[in-house]
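In: Predicted model follows, preceded by the sequence.
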Amino acid sequence: MSKTLRKGEIREILDESEDGLDFDDDDDVDDPNYNEELVHADFDEVVENILEDIENENMELCADPSNDVPPILNLVLEEHQLRFTGNTSLPDDIKIIEAPIEYFLYLFPKELIKCIANETNLYVVQKDVNDPFRVSEMDIQQFIGVVYMMSLVQLPNVPSHWSKIGTSMIQEAMPLKKLENLRRRIHFNDNSKNLPSTDKNIDRMYKIRPILDELNKNFAKVPLEQHLCVDEQICSTKARNPMKRYLPNKPHKWGYKIFVLCGTTGFAYKIEPETGKENIVGDNEPDLGASSNGPTKLVDDGRGFAQITCSANISLRGTIVVENTEESIPSHP
């Protein structure tokens, strides 16, 4: 039969234990690490002292050439390098934009639409030279519009948009059969020029690389803001693909992870999907590892603002916040 112990009995059992623990209130006698001054010290002052000690240790590591531990490199910046001297005023060709379709075509130009139509027709011929299916630039524009509209008017499946509960705008733009044929055949790059999967230089985004490059080129036409942020977004998908990631804290947990350079206005200045295994580092670029090189490419875009060349001061595993400056931060020695 179990018996409930009183507090005094529990204290006696603990006092008689042989584990060497001491439960006395007078911890300054038995605890060699007890420091009464530290207990009553100001918290901010203690934190400042700890950070100062860490900085001194890092400087000693960097100064000692015989030390096998990789040095922690700190970026030393002058005041003029932190002062914002950029120009945030919009160019004239953006100021004259009025209609939403004009803004869309400014970022997604008709030349890109023509490229998609040509690559799709090329793929059809490569797949089956006798296949009569062909698409025009207008077909691609309608396809983009239908897909965009379906993302706003959400129904259980694609055929539902052509049912009684569907949207007349979608039904009038394109027949369901034509949409399904275009979905199966649409392409954005020439498959015959793609590298084999065993090649170490393979680009996993090759099939949509022309789209990414063109979008980033057009996004770059918009002047950068002073305060920028690199964060990740999820493009949700149910497709089976090795690049699909699981992020439990996102609204859509399964999808493609995309690093985005954006400003406080919410505008995306550059995007780069996270592809996993390949870790291609360009000339004069720091190799910070696969998980960090992706965000770094967004920060160092060649437009003369802060390029991150060392992960000692800024953690690339979370959100990167940088301040747009006219002069780039110098690389570590």
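Out: That came through, no problem.

In: quick one: contacts for the closest residue to Cys262 other than its chain neighbours?
Out: Excluding the flanking residues, the one nearest Cys262 by Cβ to Cβ, 6 or more residues apart in numbering is Ala268, at 4.9 Å. Bear in mind the C-beta positions are built from the backbone N, C-alpha and C, glycine included. When contacts are counted by Cβ atoms under 8 Å, 6 or more residues apart in numbering, Ala268 touches Phe219, Val260, Leu261, Cys262.

In: just Pro132 next, same as before
Out: Taking Cβ under 8 Å, 6+ apart, one finds nothing in contact with Pro132.

In: Which of the three states applies to it?
Out: Of the three states, Pro132 takes coil under DSSP: H, G, I helix; E, B strand; the rest coil.

In: Pull up the gap between it and Lys257, please.
Out: With distances taken as Cβ to Cβ, to the nearest Å, Pro132 is found 39 Å from Lys257.

In: Lys221 too?
Out: Applying Cβ to Cβ to Lys221 and Lys257 gives a distance of 26 Å.

In: same thing with Asn191?
Out: In terms of Cβ to Cβ, Asn191 sits 25 Å off from Lys257.

In: Then Pro223?
Out: From Pro223 across to Lys257, the span is 27 Å (Cβ to Cβ).

In: Compare those two (neighbour count), which wins?
Out: Relative neighbour count places Lys257 above the other of Pro223 and Lys257, with 19 against 16, counting by other Cβ atoms under 10 Å.

In: what's around Ile271, how many residues?
Out: Neighbour tally, Ile271, other Cβ under 10 Å: 17.

In: Run through the residues that contact Ile211.
Out: Leu112, Ile116, Phe188.

In: rerun that using 7 Å as the cut-off
Out: Residues near Ile211 by Cβ atoms under 7 Å, 6 or more residues apart in numbering: Phe188.

In: Now do the SS call for Asp203.
Out: Counting by three-state DSSP, the backbone at Asp203 sits in coil.

In: any idea which element the spatially closest residue to it that is not a sequence neighbour lies in?
Out: Spatially, and ignoring its direct neighbours in sequence, Asp203 is nearest to Arg209 (6.1 Å; Cβ to Cβ, 6+ apart). If you go by DSSP states H and E, Arg209 is part of helix 209-219.
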